[in-house]
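Participant: For reference, the sequence and a predicted model appear below.
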Amino acid sequence: GQNIDQPTEMTATEGAIVQINCTYQTSGFNGLFWYQQHAGEAPTFLSYNVLDGLEEKGRFSSFLSRSKGYSYLLLKELQMKDSASYLCAVWDNTDKLIFGTGTRLQVFP
Amino acid sequence: DAGITQSPRHKVTETGTPVTLRCHQTENHRYMYWYRQDPGHGLRLIHYSYGVKDTDKGEVSDGYSVSRSKTEDFLLTLESATSSQTSVYFCAISLGTDSTDTQYFGPGTRLTVL
């Protein structure tokens, strides 16, 4: 079956670094996405990984290990505006995007 | 901004009534998708379209139908709404020409079925 696991909630302090993990078991793999979703808003695209390794984009980085079925999103220099849900999603071999339930991150001053 | 709008943005309706949600895009993207989002569940695919009059079912298609008579519009219809269809509905498009390109989401429609 299709399964994507993420922690439900995380908390962190402004200025700190936080790592949000995602493990997946899907029917095939054609890439992994991270989206950010603020409360009451639409998901917005953050990053895409299809090969193993780290992709860096400003304060955000995303890592993928296909052999372990594992990814993480790393957020540096946390700001209050980073309080949001972070969604991990995997393209399976039927070209469907399978989403995890999301990780709600709260950043405190 | 991928030029996606959804209407209505909010709707309250009664059980048994038909409801149609509209997704409109302005940039001729081929692939369009309808998802629902509920607490405790990830975004779940309802139906998708890969061109005019070309649609297919997703993971949770029961009770929903779709139509795409023009490139720019993708309609989601609940023939007879039920309380279990209370949800937030998101439309999405793929920016590229491949179905596995990045998806971008519309602002969402919050539907309440009483």
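Facilitator: Perfect, thanks for sending it. Note that the structure is predicted; figures quoted are calculated from it, not measured.

Participant: where do the strands sit along the chain?
Facilitator: As the question left the chain open, I've gone with chain A. Using DSSP state E, the strands of chain A run over residues A:3-5, A:9-13, A:18-25, A:32-37, A:44-49, A:53-57, A:60-65, A:70-75, A:84-91, A:97-99, A:103-108.

Participant: could you do chain B instead?
Facilitator: B:4-7, B:10-13, B:19-25, B:32-37, B:44-51, B:54-57, B:64-70, B:73-78, B:87-94, B:103-105, B:109-113.

Participant: Of all those strands, which one is nearest residue A:52?
Facilitator: Evaluated with Cβ to Cβ, those place strand B:103-105 nearest to residue A:52, the distance being 22.7 Å. C-beta coordinates here come from the backbone N, C-alpha and C atoms, glycine included.

Participant: Can you tell me the strand partners of the closest one and which way each runs?
Facilitator: Note on strand B:103-105: by DSSP bridges, its sheet partners are strand B:87-94 (antiparallel).

Participant: Could you list the buried residues of the partner strand?
Facilitator: Within strand B:87-94, the residues that count as buried by 16 or more other Cβ atoms under 10 Å in any protein chain shown are B:87, B:88, B:89, B:90, B:91, B:92, B:93, B:94.

Participant: Same question for stretch A:2-15.
Facilitator: Buried, per 16+ other Cβ under 10 Å, within stretch A:2-15: A:4, A:6, A:10, A:12.

Participant: can you narrow those residues to ones near chain B?
Facilitator: residue A:4 (Cβ under 8 Å from any Cβ of the partner chain).

Participant: Pull the residues that contact stretch B:50-68.
Facilitator: Identification of contacts with stretch B:50-68 by Cβ atoms under 8 Å, 6 or more residues apart in numbering or on different chains yields A:96, B:30-36, B:44-49, B:69-71, B:74-80, B:82, B:85, B:99.

Participant: Pull out the buried residues from these.
Facilitator: Applying 16+ other Cβ under 10 Å to the contacts of stretch B:50-68 flags A:96, B:30-36, B:44-49, B:74-76, B:78, B:85, B:99 as buried.

Participant: How much space separates residue A:96 from chain B?
Facilitator: 6 Å (Cβ to the nearest Cβ, to the nearest Å).

Participant: doesn't residue B:46 make contact with that residue?
Facilitator: No - the criterion here is Cβ atoms under 8 Å, and residue A:96 misses it with residue B:46 at 11.6 Å.
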